[in-house]
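Peer 1: Below are the sequence and a predicted model for it; my questions follow.
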Amino acid sequence: TALENANLRVTFSSRGGQVKQVLLKNYETYQGEPLVLFVSESSDTDITFTSVDGKQIQLSDLYFTASEVKEVQGEGETSGKTITFRAQLGDGQYIEQVYTLFDKNFLLGYQLDFEGLERQVSGDNITFTWTDRLKQLERDLKQNRAKSTINFATVEDGYDNLSIAEETVTEVVERPLKWV
């Protein structure tokens with residue numbers, strides 16, 4: 001299952017309803033191969049929340065059913081495609097992940113919804129974990145790793161990023177985020 005525009009092809013897995021691969025279409029590696037930015041063999045993402053009985057629930061442990069890819073209309077003349085992944089939990093309860101890829105850009109929108117789980121989910125916090133074993137995309141691997149970072153935007157303060165570093169960087173952000 002995939003979403004695609006002129007710039008990106010994003011492939012998904014039903015396990016966890018997660019992104020499995022991101023291919024940058026109009027670019028190549030320094031070796032002339034397709035530029036795959038993200039692949040599940042080198043990157044792991046997961047979302048974890050706590051149930052009222054104290055269990056840690058990871059979306060990667062659940063299997064999701066994908067909807068058909070649908071055309072969507074954004075603001076102004078912007079159009080794109082969306083796909084929804086739903087994990088049915090019984091009795092009208094489900095977890096839904098919605099991905100939207102608009103035409104003519106490189107942004108993948110994401111929305112997470114819990115339906116009928118008010119009495120099963122503890123608190124308002126979820127944890128998003130992203131572990132990436134950076135692939136060599138440039139000729140100099142050390143330089144490639146040293147200059148890579150993650151950018152995000154807080155809803156209140158705007159743009160921010162993780163500092164560029166050669167060692168592992170961990171940051172806890174307790175405000176709502178918009179990923180860039």
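Peer 2: Sure, I can see it.

Peer 1: in the chain, which spans are helices?
Peer 2: Taking DSSP state H as the criterion, the chain carries its helices at 141-146.

Peer 1: Specify the beta-bridge partners of the residue sitting nearest the centre point of the chain.
Peer 2: By C-alpha atoms, centre = their mean, the chain has its centre lying nearest to V19, at 6.1 Å. Bridge pairing for V19 (DSSP bridges) gives the partners F12.

Peer 1: tell me the pLDDT at it?
Peer 2: pLDDT, V19: 91.

Peer 1: That one reaches T11, doesn't it?
Peer 2: Yes. Under the criterion of C-beta atoms under 8 Å, V19 makes contact with T11 at 7.4 Å. C-beta coordinates here come from the backbone N, C-alpha and C atoms, glycine included.

Peer 1: where does the protein dip in pLDDT?
Peer 2: 132-155, 158-169, 171, 173-180 (pLDDT under 70).

Peer 1: Could you rerun that using 90?
Peer 2: 27-57, 73-79, 89-92, 104-110, 117-180 (pLDDT under 90).

Peer 1: count of neighbours near the nearest residue to T45 once chain neighbours are set aside?
Peer 2: Counting by C-beta to C-beta, 6 or more residues apart in numbering, W130 is the residue found nearest to T45 once chain neighbours are left out, at 4.9 Å. Neighbour count of W130, defined by other C-beta atoms under 10 Å: 11.
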